[in-house]
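Provide a 3D model corresponding to the input given below.
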Amino acid sequence: MARYNGPKTKISRIFGEPILGNGKWLGKNSNPPGQHGATRKRKSLGEYALQLREKQKAKYTYGVLERQFRKTFVEAARRKGATGDNLIKLLEARLDNAVFRIGIAPSRPAARQLVSHKHITVNGDVVNIPSFSLKPGDMIGFKDKSKGNTSVTSQIRGKNQKFSWLDWNETELQGTFITYPERESVPENIKEQLIVELYSK
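Predicted coordinates:
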């Protein structure tokens, strides 16, 4: 299963923000990667470079490679409404992202691993596809055997209240994907319109 396994801090330094999780090292070295760091003269980015950079940021943030990201964009363009908003909604509806958002896993890579290792169920059925697209009303939970696995359940921290499109029942260890989120509710710093412009060329 393809995924990015390279240095996370380097990617965060490229964009100047902790898009891959923990950004504690950015305070010590927030210079762009490269031999000369901040002393290197860098040209201002052109229109295409800005659009490509935004697409790369979205891909790294949600852990999606190029082919899958392109397919997600095509689906977003096919649906009614603004393509950029639809793209964010579809990325947020990914199973690995939802597992991360409801607090079952501390990061998206950790959520992806839980799904891949068959710990997570959707509507009672085990699903091991991180890119599985949730629909409003879908129930997310643990496989019965996994509920007794402390190495799995010890990571649970509970849902952040600002994610109103998700619900979490701590007693039953079960979450619900209530609806697709509105763009203004998603905290990720992604300029999706630049991605739409890039794919429209």
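
what comes up buried for the helix or strand hosting Gly84?
Per DSSP states H and E: Gly84 is located in helix 83-92. For helix 83-92, a neighbour-count test (16 or more other Cβ atoms under 10 Å) marks 83-92 as buried. In short, each C-beta sits where N, CA and C put it, glycine included.

can you put the residues you listed in CSV and add pLDDT and distance to Gln174?
Output for the buried residues of helix 83-92, formatted as CSV (pLDDT from 0 to 100; distance: Cβ to Cβ, whole Å):
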residue, pLDDT, distance to Gln174
Thr83, 96, 33
Gly84, 95, 32
Asp85, 96, 28
Asn86, 96, 27
Leu87, 97, 28
Ile88, 96, 25
Lys89, 96, 22
Leu90, 97, 23
Leu91, 97, 23
Glu92, 96, 19
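
mind checking the longest helix of the chain?
Using DSSP state H, we find that the single longest helix of the chain is helix 47-62.

Give me the contacts around that helix.
Helix 47-62 has contacts (Cβ atoms under 8 Å, 6 or more residues apart in numbering) with 4, 11, 15, 19-20, 45, 64-66, 69, 87, 91, 94, 97, 108, 188-192, 194-195, 197-198.

Now do it against helix 83-92, angle only.
20 degrees (axes from the mean of the first three to the mean of the last three Cα atoms, to 10 degrees).

Show me where the protein has its strands.
Residue ranges of the strands in the chain, as given by DSSP state E, are 120-122, 125-126, 138-142, 166-169, 174-177.

Which entries within the contacts of helix 47-62 meet the buried criterion?
11, 15, 19-20, 64, 69, 87, 91, 94, 97, 108, 190, 192, 194-195, 197-198.

Just the residues you listed: which are in helices?
11, 15, 69, 87, 91, 97, 108, 192, 194-195, 197-198.

State the distance from the most centrally placed residue in the chain to Val152.
Geometric centre of the chain, nearest residue: Tyr62, 2.8 Å, by Cα atoms, centre = their mean. Noted for Tyr62: a distance of 22 Å to Val152, by Cβ to Cβ, to the nearest Å.
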